[in-house]
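Chemist: Pasting the sequence and the predicted model now:
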2 protein chains.
Amino acid sequence: MNHSQLPATLPETDRTRHRRLREQGSLDRGELEAILDAGFLCHFGVVIEGDPVVVPTVYGSDGENLYFHGSVASQSLTASPGATVCVTVTHVDGLVLARSVFEHGVNYRSAMIYGVPRLLTDAQEKLEGLRCLTEQAAPGQWDHARRPNLRELAATSLLAVSLREASVKIRTGAPEDGDGPDAALGIWAGVLPLVSTWGAPEADPLLPDGIEPPRHIAARSGTRAG
Amino acid sequence: MNHSQLPATLPETDRTRHRRLREQGSLDRGELEAILDAGFLCHFGVVIEGDPVVVPTVYGSDGENLYFHGSVASQSLTASPGATVCVTVTHVDGLVLARSVFEHGVNYRSAMIYGVPRLLTDAQEKLEGLRCLTEQAAPGQWDHARRPNLRELAATSLLAVSLREASVKIRTGAPEDGDGPDAALGIWAGVLPLVSTWGAPEADPLLPDGIEPPRHIAARSGTRAG
């Protein structure tokens, strides 16, 4: 969990106000941070020549900003500098299997962040952004792997998007037709959970014998992701 | 796997041509279908008042079309009828942990579909779309749960998006700095796999005793999703 200077309650804007399924909406910045902290992959939406493009990419979050690099940075920059992007992070927790098809659904935690990306130009800020991105996906790697040199840093585009404007939706629990007329049908209903787990590290075939995975990687095996 | 009437090779359009990381691009419709078949959740991108909105939602695929319902249908329809949407489905298979931070990456399978949604109005076609959506997430449920009645069907918006124009990207395998100068650093490198697994069914607390989960649900426990 990060310690952000941003307000604890998410601001309601035209974009983030919860219109449908209001009971699934949250304005708690702590829930936003928990969703971001639990993942490392997002879907990054930009408008290119009037049409939407949704690119899967990794992110880093420091509680104030999201950081992005690579193709997403180049696409969103080339497309339209100063344009708003929408970044969505979703964790699927299970299928909600109701008595009726109509009441079927998904248990999930999702955050949508809206903002105008800022291109990082300062070398120190770029390094910090890369550290954040690296540690988000693989905590411990920044101190373990070889850090970017000046040439690599120059070849990397990095974007920051503020976490100021965001919308959070969460659904948990059982189906909702357990106290309605369909309960009499005697059909099984409940949740089928979906769990993401880190597997055992698979060494690069080119790695010489005798180099074992470091603890910060090996210790993740069998633990839950998301 | 579906048996589509669409060409086995995906067409290269301005949008789907692989510009970056070309070695990760695929024009094989079979790979597109495999990625769609392995999931049920997508990120649906629309343009609303000039800005992108990326909504997580469930889909169904019959090999020719993707089907969507609910808020996505209403949003994309209200926003701009006749406008193109971008639908992205991503499976994350693992972290690629290289010797250098610069070469870190993600093993993934991803499909981006571009198309103009078509609103389904015919009741039979809507039912077929709902069946496809339901069976995508929970195979067997269409014949098990209570099917939509006329009122529910009328209350459901359903969209179809053709699978004609799509872009597929896949990355597998080890990091790529095993035969470069960084190999001499003696840093562990490899892949940390990420696996999604279905858990044990959790009965709705309101379910009377003695109703067991049906085989098509119980049999998924412990099997891989994605």
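Modeler: Arrived safely. As the structure is a prediction and not an experimental result, all values here were calculated from the model. Numbers count the residues shown, from 1 in each chain, chains lettered A, B, ... in the order given.

Chemist: Name the residues that touch the lengthiest helix in chain A?
Modeler: Longest helix of chain A, by residue count under DSSP state H: helix A:123-137. For helix A:123-137, contacts defined as C-beta atoms under 8 Å, 6 or more residues apart in numbering or on different chains pick out A:40, A:58-62, A:67-69, A:120, A:141-142, A:145, A:147-148, A:150, A:153, A:156, A:158, A:160, B:95, B:101, B:104, B:106. All C-beta spots, glycine's among them, are computed from the backbone N, C-alpha and C.

Chemist: Rank the helices and strands of chain A by mean pLDDT and give me the bottom one.
Modeler: Least confident helix or strand, chain A: helix A:71-79 with a mean of 66, by mean pLDDT, DSSP states H and E.

Chemist: Average pLDDT for the longest helix of chain A, rounded please.
Modeler: For helix A:123-137, the mean pLDDT works out to 96.

Chemist: for that helix, which positions count as buried?
Modeler: Residues of helix A:123-137 classed as buried by neighbour count (16 or more other C-beta atoms under 10 Å in any protein chain shown): A:126, A:127, A:128, A:129, A:130, A:131, A:132, A:133, A:134, A:135, A:136, A:137.

Chemist: residues contacting residue A:161?
Modeler: A:65, A:66, A:68, A:85, A:87, A:113, A:115, A:116, A:117, A:118.

Chemist: The fourth one is in contact with residue A:117, isn't it?
Modeler: Right, residue A:85. Yes - with contact defined as C-beta atoms under 8 Å, residue A:85 and residue A:117 form a contacting pair (5.8 Å).

Chemist: Residue A:7 - how many residues pack around it?
Modeler: Neighbour count for residue A:7, taken as other C-beta atoms under 10 Å in any protein chain shown: 10.

Chemist: Of the buried residues of helix A:123-137, which is the nearest to residue B:9?
Modeler: residue A:137 (33.5 Å; C-beta to C-beta).

Chemist: how about the nearest residue to that closest one, chain neighbours excluded?
Modeler: In space, and not counting its chain neighbours, residue A:137 is closest to residue A:40: 3.9 Å by C-beta to C-beta, 6 or more residues apart in numbering or on different chains.

Chemist: partners of residue A:109 in the sheet?
Modeler: Beta-bridge pairing of residue A:109 under DSSP bridges involves residue A:91, residue A:170.

Chemist: Quick check, pLDDT for it.
Modeler: In this model, residue A:109 carries a pLDDT of 97.

Chemist: again, but for the one 10 residues further on
Modeler: Note for residue A:119: predicted pLDDT of 91.

Chemist: do residue A:64 as well
Modeler: At residue A:64, pLDDT is 96.

Chemist: secondary structure element for the residue nearest to it when sequence neighbours are not counted?
Modeler: Closest residue to residue A:64 apart from its sequence neighbours, by C-beta to C-beta, 6+ apart: residue A:4 at 5.5 Å. In the assignment (DSSP states H and E), residue A:4 maps to no helix and no strand.

Chemist: gap between residue A:4 and residue B:179?
Modeler: Distance, residue A:4 to residue B:179, by C-beta to C-beta, to the nearest Å: 42 Å.

Chemist: contacting residues around the residue nearest to the spatial centre of chain A?
Modeler: By C-alpha atoms, centre = their mean, chain A has its centre lying nearest to residue A:89, at 3.4 Å. Residues near residue A:89 by C-beta under 8 Å, 6+ apart: A:35, A:36, A:39, A:41, A:42, A:43, A:59, A:110, A:111, A:113.

Chemist: For chain B, see how far away residue A:84 is.
Modeler: As defined by C-beta to the nearest C-beta, to the nearest Å, residue A:84 lies at a distance of 4 Å from chain B.

Chemist: just checking, that residue touches residue A:115?
Modeler: Yes - between residue A:84 and residue A:115 there is a contact at 6.7 Å, judged by C-beta under 8 Å.

Chemist: Quick check: which element contains residue A:45?
Modeler: With DSSP H and E as the test, residue A:45 turns up in strand A:41-48.

Chemist: packing partners for that strand?
Modeler: strand A:51-58, helix A:71-79, strand A:85-97, strand B:41-48, strand B:51-58, strand B:85-97 (3 or more C-beta pairs under 8 Å, 6 or more residues apart in numbering or on different chains; DSSP states H and E).

Chemist: same question for that strand, mean pLDDT?
Modeler: 95.

Chemist: how deep is residue A:170 tucked in, by neighbour count?
Modeler: Residue A:170 - counted by other C-beta under 10 Å - has 19 other residues nearby.

Chemist: again with the one 3 residues further on
Modeler: By the criterion of other C-beta under 10 Å, residue A:173 has 12 neighbours.

Chemist: Okay, now the unreliable bits of chain A?
Modeler: By pLDDT under 70, the low-scoring segments of chain A are A:1-3, A:19-22, A:71-80.

Chemist: again, only using 90
Modeler: A:1-27, A:49, A:70-82, A:155, A:226 (pLDDT under 90).

Chemist: quick one, phi psi at residue A:15?
Modeler: phi -80, psi -30 (degrees, to the nearest 10).

Chemist: just checking, it touches residue A:114?
Modeler: Yes - using C-beta under 8 Å, residue A:15 is in contact with residue A:114, at 5.4 Å.

Chemist: overlap in contacts of these two?
Modeler: With C-beta under 8 Å, 6+ apart, residue A:15 and residue A:114 have common neighbours A:165, A:167, B:51.

Chemist: export these to a markdown table and tack on neighbour count?
Modeler: Output for the shared contacts of residue A:15 and residue A:114, formatted as a markdown table (neighbours: other C-beta atoms under 10 Å in any protein chain shown):
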| residue | neighbour count |
| --- | --- |
| A:165 | 18 |
| A:167 | 23 |
| B:51 | 18 |
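
Chemist: Any figure for the gap between the residue located most distally from the centre of chain A and chain B?
Modeler: Largest separation from the mean C-alpha position in chain A: residue A:184, at 40.0 Å (C-alpha atoms, centre = their mean). Per C-beta to the nearest C-beta, residue A:184 is found 10 Å from chain B.

Chemist: Look at that residue and tell me its secondary structure.
Modeler: Of the three states, residue A:184 takes helix according to DSSP: H, G, I helix; E, B strand; the rest coil.

Chemist: Could you measure from it over to residue A:221?
Modeler: 46 Å.

Chemist: again, but for residue A:215
Modeler: 11 Å.

Chemist: do the same with residue A:135
Modeler: Counting by C-beta to C-beta, the gap from residue A:135 to residue A:221 is 19 Å.
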